[in-house]
Structures are given as structure tokens and as C-alpha cells.
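1. kindly generate the corresponding structure for this input.
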Amino acid sequence: MNKSLSLELGKKVSREGKNYRIAEVFNLSKVVLVDESTGETLETKAESLQPPLEVEPRKCDEELMLISEEAWQVANKRYKIIKPLVNKGGRTRNHVIERAQAHDLHVNTVYLWLRLYEDSGLLTSLLPKTRSDKGATKGDQIVEEIIKEAIATEYLTKQKKIVRKVIDAVKAQCLKRGLTPPHDNTVRNRVKALPLELVSRKRHGRKKSDNDFKPIEGKFPGADWPLAVVQIDHTKLDIILVDDHYRAPIGRPWITLSFDVFSRLVTGFYISFDPPSAMTTGLCLAHSILPKERWLAKLGVSGEWPVWGLPDKIHADNAKEFRGNMLKRACSQYSMDLEWRPVARPNYGAHVERALGTLSKEVHALPGSTFANPKEKGDYDSEKAAALTLSEFEKWLADYIVNVYHQKKHSMLGMAPLARYKQGILGDSEMPGRGLPAKIIDEEKLKLDLMPFEMRTVQDYGIVIDKIYYYHDVLRPWINAIDPQDAKRKRKFMVRRDPRDISLIWFFDPELKSYYQIPYRDTSHPAISIWELREALKRVEESGGKINEHTIFEAYERMRELEQEAVNKTKAAKRSRQRRKNHTQAEKPNPMPAIQEQPSELAVPTLDIEPFDDMDEWS
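-> Numbers count the residues shown, from 1 in each chain. A predicted model of the protein is given here:
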């Protein structure tokens with residue numbers, strides 16, 4: 001199924017249980033819809049749009065990390081073959097024939113891969129598949145090919161023939177081959193489903209098609225339209241924040257920020273006391289890709305941040321947190337080209353670094369600023385002046401980005417970033433726009449795809465990770481399951497865990513293609529973060545005790561008691577307290593379907609069971 005909802009002119013969508021077509025893109029956040037049955041029009045927010053109702057209910061895509069490396073390489077190889085042709089303006093049959101001959105393929109195979117990929121935009125659409133056409137006759141397949149051929153030769157031509165000519169050509173070919181012709185409406189529906197850009201290009205010419213659908217190239221290499229290149233970087237901000245309870249200083253926060261090079265617009269950010277990691281990078285990417293209206297309303301920030309959509313290319317720091325398989329596969333799956341910043345090439349990320357520099361200067365005007373250097377700070381007492389909590393600073397930052405930075409004229413652009421972004425999306429008298437980016441349909445799946453993972457077997461006591469047991473009855477069918485590829489080994493399953501709160505894991509059921517929440521087996525244990533778990537493990541090791549679930553949570557409780565005693569004395573304790581509060585308040589993905597916690601009567605074994613080696617490190 002499609003990963004995103006196209007918001008181009010003429011595309012079918014639904015709103016509040018009713019189908020429409022997009023008649024006009026009014027601005028960055030609003031569109032005009034037309035009800036084809038009545039001709040009535042409706043202006044609405046793009047965020048409210050959903051896939052057309054005839055689309056089948058969502059089934060979870062194949063879990064990315066469960067796809068074999070061999071199959072993944074096959075899909076990548078196929079994509080590299082068709083990449084020069086994907087959504088190519090002026091693409092002709094000769095172009096396809098040339099690619100097919102260059103790679104010793106049948107031209108129909110290349111056309112099939114193009115259709116699969118352009119219909120979904122997902123790399124997994126090109127995975128090798130087992131046969132699933134049982135019940136379909138050879139005749140049905142031939143009729144489908146006849147329809148496709150008739151559309152290409154009768155409809156997609158400069159002669160601009162009517163659909164009736166296509167229907168007649170299909171009937172003639174079917175009767176000639178002794179096949180039953182399809183219903184007229186079947187052919188009409190095939191024509192209606194054609195991409196508008198393809199129809200425009202074939203019937204009206206490349207120039208009109210490009211003017212209507214293609215972005216114009218700009219002067220900056222590689223960033224010629226909005227979301228063509230998004231850069232991501234981290235920095236520790238020059239400000240001391242206070243905790244929510246005592247309003248006492250607890251330290252400087254980290255920010256991970258994503259930035260559109262074309263418009264100099266901030267596309268998203270994530271701020272916390274956690275150092276840069278795969279988690280902070282994934283949360284920043286998710287914030288960048290998804291709409292922000294509900295998030296702004298939750299913060300209480302007025303103003304618009306009409307930026308969403310998948311970037312074509314991501315420039316990322318050449319550091320460990322970007323090197324895990326999770327991030328690379330997620331980017332490949334959603335057709336985002338992930339590029340590393342070359343070593344000793346600091347100018348590679350200069351745009352996002354300049355944005356962070358601008359932000360830092362604004363932060364220096366806030367109470368609690370540590371400034372850029374001791375000379376600038378002078379005798380200013382940053383800790384004494386500190387006044388903002390993390391949530392208050394996040395609100396200030398969102399308000400600054402939305403209502404100041406995006407609205408202020410940029411010296412290199414000659415206009416405000418939001419105006420530049422709007423120009424690139426909607427176009428003006430000087431340049432055509434690229435159109436509104438596609439809207440992600442399954443937001444929760446995107447968040448999960450950007451979350452760290454591990455592979456685990458299911459034992460009769462459930463799943464164990466880092467000595468901690470998880471169980472729910474949904475696991476019963478998979479207890480002691482045998483690896484289908486190796487009868488001598490037990491099957492491993494995909495498990496994702498949010499490092500901010502490890503009281504739940506997300507278990508991917510390979511048959512139902514869905515994620516399920518699996519809680520602690522002992523639900524009396526408190527929710528803790530991965531960092532608190534590591535600290536508790538360290539305390540147990542230092543004490544010389546045996547490491548198991550009981551001693552881990554005992555150590556955790558002692559840590560909390562010590563923290564409570566020290567809360568009025570040390571910044572580290574207050575920071576730990578604040579981080580824990582932020583983690584417990586963080587929004588988590590909602591799996592489909594949701595599962596209620598159920599206690600288990602199964603006993604935890606006394607044996608100390610070692611977990612399997614990680615496939616991807618928790619960051």
C-alpha cells in the first residue's frame with residue numbers, strides 16, 4: 001500500500017468519510033476540494049485529508065528489519081536500474097528500452113518495476129515476491145496487458161483520442177484472441193487511475209507537463225526545491241534550564257535540528273537533556289516529516305508551521321548515532337537518500353550550523369544563558385538567573401521559529417524563509433512550484449520505523465531484554481517457535497523499545513503484520529529509561545551482587561532514594577529527576593491494535609538467561 005497521500009491537483013482524497021478530488025492548492029496548509037457527485041467545493045486544511053475510502057484498510061508493511069539482506073539487496077538493485085526513469089519528465093518507451101537492454105532485462109519487467117515503485121514510493125515494493133496470483137487465469141492476465149497496450153497506443157498520444165477509442169481497441173483485440181472483453185467501466189477506471197503528470201506529458205507535451213508538475217531548478221546545487229536536501233545536526237545549547245518542581249538549575253539541554261537548504265526553513269527539532277543518539281535523531285526526523293498543527297496547539301503556540309513531507313536527501317553527521325541499520329533502512333524504505341558528512345569537511349553541514357548559530361545568539365538573550373565564551377559572559381551568574389523549564393523553553397523555541405525566524409528576511413535569500421518555501425511549493429509569476437508534499441498516511445508506523453530495535457526469541461516466560469522480562473498472551477502462539485530457515489534454532493522476532501520508557505516493548509507479529517504492546521511481566525515495576533537501567537546495572541555490578549531483574553529494580557529504588565535526599569543539593573540529581581519526568585510524558589507510538597495489559601500466571605525461571613546479541617545497539 002502507499003506510504004503517503006499525494007496532495008497534487010486532481011488527486012482523490014477523503015475527508016470526514018466522504019471522497020473528493022483536490023481542485024486547488026490554496027496555500028501551504030489549505031486546499032480546495034470538489035465533490036464530483038455534486039460539483040460543490042470545500043476549503044479545508046491539508047492535515048484533515050485521508051486516503052480515498054475505496055483504499056483497503058491498512059495492514060502493516062513488512063517489518064523493515066525482518067527482510068533478509070539478500071532480498072533487500074535485490075530491491076536496491078532493481079531501484080538503481082529504474083531510478084533514472086522514476087517520474088522522469090519526457091520519459092519515452094525508448095528510454096525504458098535502453099535501460100532494459102543495458103541490464104539484459106525484458107522491457108515489460110522494467111515497466112512493471114516502474115509501476116510498482118511509482119504507485120507506492122516504497123523500496124519494499126521491489127522486493128522479490130512469491131506467487132500470489134492463484135485463481136487468476138492466463139486469460140485475465142492477457143486482458144490486463146491488452147488494456148495497458150491500448151491505453152499506451154490510443155490514449156497516451158498527442159492525438160488526444162477519447163476513452164471510447166481505448167474501449168473499442170480493447171474489445172477488438174480481445175475478440176481477435178478469443179477472450180471475453182472487460183466491461184467498459186473497467187477500462188474507464190484504468191484510464192482514470194493514470195497519474196495526471198503522465199497524461200499531461202503524453203497528451204500535451206513535456207513543456208506543459210513540466211510547467212504544471214515539475215519544480216524549477218535553482219542556483220544551489222542539489223537543493224533546487226523545498227525538501228530536496230535536509231541537513232540534521234546537534235548542539236548543546238548555551239542556556240541553563242530549571243526543573244519543574246523546585247525551579248532549581250539542572251543544566252544545559254541538547255537540540256537536534258533539521259533544516260531545509262532550499263528555503264533555510266527549520267523542518268523540525270527535538271530538545272531534551274539526552275545526548276545525541278539514534279533516538280534523538282529519529283524523533284527529530286519524525287517531527288520534521290509529520291504535520292505540526294496538533295503539536296503547536298498542545299504547546300499553546302499561535303501561528304503556522306505548514307511544513308511536512310519526506311525529504312529527498314538527508315545530510316547527516318558522520319557519527320555513530322547515524323550508522324545503525326535502523327536509520328539506514330528506514331531512510332531507504334521511505335525513499336530518503338541518506339548521506340554522511342565527510343570527515344574533515346565541516347562546510348558540508350554549514351547551512352544547519354549557521355541556523356544553530358543564529359538560534360544560539362537568540363538564546364543568549366534569555367535568563368540563564370551561559371553565552372558563547374567567558375568574556376561575553378563576564379560576571380553574569382547563569383545558574384542564579386536560570387528561570388525556564390524544558391517545556392517552557394520548548395514553547396519559546398517553537399514560537400521563535402514560527403513567528404520570528406521563519407518570518408524574518410534572510411540575507412542570502414532576499415526574502416523570509418517561509419516566503420521562499422511558499423514560493424518553492426506553490427510557485428509564482430517567476431517560477432512554477434513543486435506542489436504540496438505527500439502526507440504520510442501511517443504516522444505511527446513511521447515513528448516505529450525510526451525507533452531502535454532488537455531481535456529476540458519468545459520463551460515460555462515471554463521475552464527477556466537486559467534481564468528484564470516482558471509478557472502478554474499475544475506471545476503465546478510464538479513460544480519456542482522454530483526458525484523456518486533452520487530447524488535447529490529458535491525463531492527470533494523483531495522487538496522495538498523506546499529508550500525513554502522501557503516498561504513496554506513493541507512486538508512485531510510476522511503473520512498478522514502488526515505491532516503489539518508487551519508490558520513488563522511484573523507490572524508492579526516502575527517505568528524507567530534505558531539510561532536509568534544502565535545506571536542500575538552499574539550499581540549492581542559495583543556491589544558484587546548477582547544481576548537479575550530483582551536486583552536491578554532494587555538498585556533503581558535505592559538510586560531514587562538517594563536522589564530524593566540530594567535533590568536540593570546537586571544539579572545532577574535534579575537533572576536526572578527532570579529527564580525521567582520528560583521521558584514519562586513523551587508521546588509514544590500507538591500500535592494497531594492496542595492491547596490491554598493482562599497479568600500472567602507463568603513463573604519467571606530462576607536461571608539467569610543471557611539475551612541474544614543485539615543486531616543494532618541501543619543508543
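
2. so where does the closest residue to Lys492 other than its chain neighbours fall, helix or strand?
-> Spatial nearest neighbour of Lys492, chain neighbours left out: Met455 (4.1 Å); criterion: C-beta to C-beta, 6 or more residues apart in numbering. C-beta here means a position set from N, CA and C on the backbone, and glycine is covered the same way. Using DSSP states H and E, Met455 sits in strand 453-456.

3. packing partners for that strand?
-> strand 463-465, strand 493-496 (3 or more C-beta pairs under 8 Å, 6 or more residues apart in numbering; DSSP states H and E).

4. Asn87 is in contact with Tyr117, isn't it?
-> No - using C-beta atoms under 8 Å, Asn87 makes no contact with Tyr117, being 9.4 Å away.

5. which residues of the stretch 1-150 of the chain score low on pLDDT?
-> For the stretch 1-150 of the chain, the stretches with pLDDT under 70 are 1-3, 37, 39, 54-63, 65-66, 130-139.

6. would Lys488 count as being in a strand?
-> Yes - counting by DSSP: H, G, I helix; E, B strand; the rest coil, Lys488 is part of a strand.

7. for Leu338, which residues count as its bridge partners?
-> For Leu338, the beta-bridge partners are Ile314 (DSSP bridges).

8. what residue is smack in the middle of the chain?
-> Leu446 (4.0 Å; C-alpha atoms, centre = their mean).

9. show me where the stretch 301-450 of the chain has helices.
-> In the stretch 301-450 of the chain, the helices defined using DSSP state H, counting those that start in this stretch lie at 325-333, 350-363, 374-377, 382-385, 390-400, 417-426, 443-449.

10. which of those sits closest to Ile232?
-> Checking these against Ile232 by C-beta to C-beta gives helix 350-363 as the closest, at 6.8 Å.

11. hmm, back to that, and the closest residue to the residue nearest to the centre of the chain other than its chain neighbours, how far from Tyr270?
-> Distances taken as C-beta to C-beta, 6+ apart place Ile440 nearest to Leu446, at 5.5 Å, with adjacent residues excluded. The gap separating Ile440 from Tyr270 is 17 Å, by C-beta to C-beta, to the nearest Å.

12. ditto for Thr370
-> 21 Å.

13. what of Glu339?
-> Where Tyr270 is concerned, Glu339 sits at a distance of 20 Å (C-beta to C-beta).

14. these two: which has the busier surroundings?
-> Tyr270 (23 against 16; other C-beta atoms under 10 Å).

15. tell me which element that one falls in.
-> Going by DSSP H and E, Tyr270 is in strand 265-272.

16. in stretch 383-392, what counts as buried?
-> Residues of stretch 383-392 classed as buried by neighbour count (16 or more other C-beta atoms under 10 Å): 386, 388-391.

17. find the nearest non-adjacent residue to Thr109, please.
-> With C-beta to C-beta, 6+ apart, the residue lying closest to Thr109 is Ala100, at 7.0 Å.

18. can you tell me which residues contact that neighbour?
-> 106-107, 109-110 (C-beta atoms under 8 Å, 6 or more residues apart in numbering).

19. how about a cut-off of 10 Å?
-> 81-82, 106-111 (C-beta atoms under 10 Å, 6 or more residues apart in numbering).

20. return the subset of these lying in helices.
-> Counting by DSSP state H, these place 81-82, 107-111 in helices.

21. out of the residues you listed, who's nearest Val74?
-> Nearest to Val74 among these, with distances taken as C-beta to C-beta, is Ile81, at 11.0 Å.

22. residue contacts, that closest one?
-> By C-beta under 10 Å, 6+ apart, the neighbours of Ile81 are 99-100, 102-103, 105, 109-110, 113-114, 126.

23. what does Lys313 give?
-> Lys313 touches 222-223, 227-231, 261, 331, 336-339, counting by C-beta under 10 Å, 6+ apart.

24. are any of those residues buried, and which?
-> For the contacts of Lys313, buried by 16+ other C-beta under 10 Å: 223, 227-231, 261, 331, 336, 338-339.

25. out of these, which one sits closest to Val32?
-> Closest to Val32, out of all of the buried ones among the contacts of Lys313 and judged by C-beta to C-beta, is Leu227, at 22.9 Å.

26. helix or strand for that closest one, which one?
-> Going by DSSP H and E, Leu227 is not part of any helix or strand.

27. that one and Val458: what is the separation?
-> 40 Å.

28. check Asn94 too.
-> For Asn94, the distance to Val458 - C-beta to C-beta - is 54 Å.

29. those two: who's more crowded?
-> Val458 (24 against 8).

30. apart from its chain neighbours, what residue comes closest to that one?
-> Trp478 (4.3 Å).

31. list the contacts of that neighbour.
-> Trp478 touches 457-459, 463, 490-491, 493, 507, 509-511, counting by C-beta under 10 Å, 6+ apart.

32. pLDDT at the residue located most distally from the centre of the chain, what is it?
-> For the chain, the residue at maximal distance from the C-alpha centroid (C-alpha atoms, centre = their mean) is Lys176, at 49.3 Å. With respect to pLDDT, Lys176 scores 86.

33. how about low-confidence regions in the stretch 451-600 of the chain?
-> For the stretch 451-600 of the chain, residues meeting the criterion pLDDT under 70 lie at 563-581, 583-588, 590-600.

34. tell me how far Ser411 lies from Val307.
-> 21 Å.

35. which of the two has more neighbours?
-> Under the neighbour definition other C-beta under 10 Å, Ser411 and Val307 were set side by side, and Val307 has more, 27 against 7.

36. excluding its backbone neighbours, what's nearest the more buried one?
-> That would be Thr267: by C-beta to C-beta, 6+ apart, it lies 5.3 Å from Val307.

37. angles on the backbone of Leu33, please.
-> phi -100, psi 150 (degrees, to the nearest 10).

38. picking that back up, pull out the buried residues from the contacts of Trp478.
-> Using 16+ other C-beta under 10 Å, the buried members of the contacts of Trp478 are 457-459, 463, 490-491, 493, 507, 509.

39. can you list those residues in CSV and add distance to Lys192?
-> Formatted as CSV, the buried ones among the contacts of Trp478 follow (distance: C-beta to C-beta, whole Å):
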residue, distance to Lys192
Thr457, 49
Val458, 47
Gln459, 53
Ile463, 48
Lys490, 50
Arg491, 44
Phe493, 42
Phe507, 41
Asp509, 36
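
40. run the chain-centre distance for the longest helix belonging to the chain.
-> In the chain, taking DSSP H as the definition, the longest helix is helix 549-566. Helix 549-566 sits 36 Å away from the centroid of its parent chain (C-alpha atoms, centre = their mean, to the nearest Å).

41. in that helix, what counts as buried?
-> 549, 551-556, 559-560, 563.

42. go on, stretch 176-194?
-> 179, 181-182, 187, 190-191.

43. keeping just the C-alphas, turn whichever strand or helix holds Trp531 into CSV.
-> Per DSSP H and E, Trp531 falls inside helix 530-543. Output of helix 530-543 as CSV, limited to C-alpha atoms (Å, rounded to 0.1, in the frame of the first residue of the first chain):
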residue,chain,number,x,y,z
ILE,A,530,17.5,2.9,29.3
TRP,A,531,19.9,5.3,30.9
GLU,A,532,18.4,4.6,34.4
LEU,A,533,18.6,0.8,33.6
ARG,A,534,22.3,1.2,32.7
GLU,A,535,23.0,3.1,35.9
ALA,A,536,21.2,0.4,38.0
LEU,A,537,23.2,-2.4,36.3
LYS,A,538,26.4,-0.5,37.1
ARG,A,539,25.4,-0.2,40.7
VAL,A,540,24.7,-3.9,41.0
GLU,A,541,28.0,-4.8,39.4
GLU,A,542,29.9,-2.5,41.7
SER,A,543,28.2,-4.0,44.7
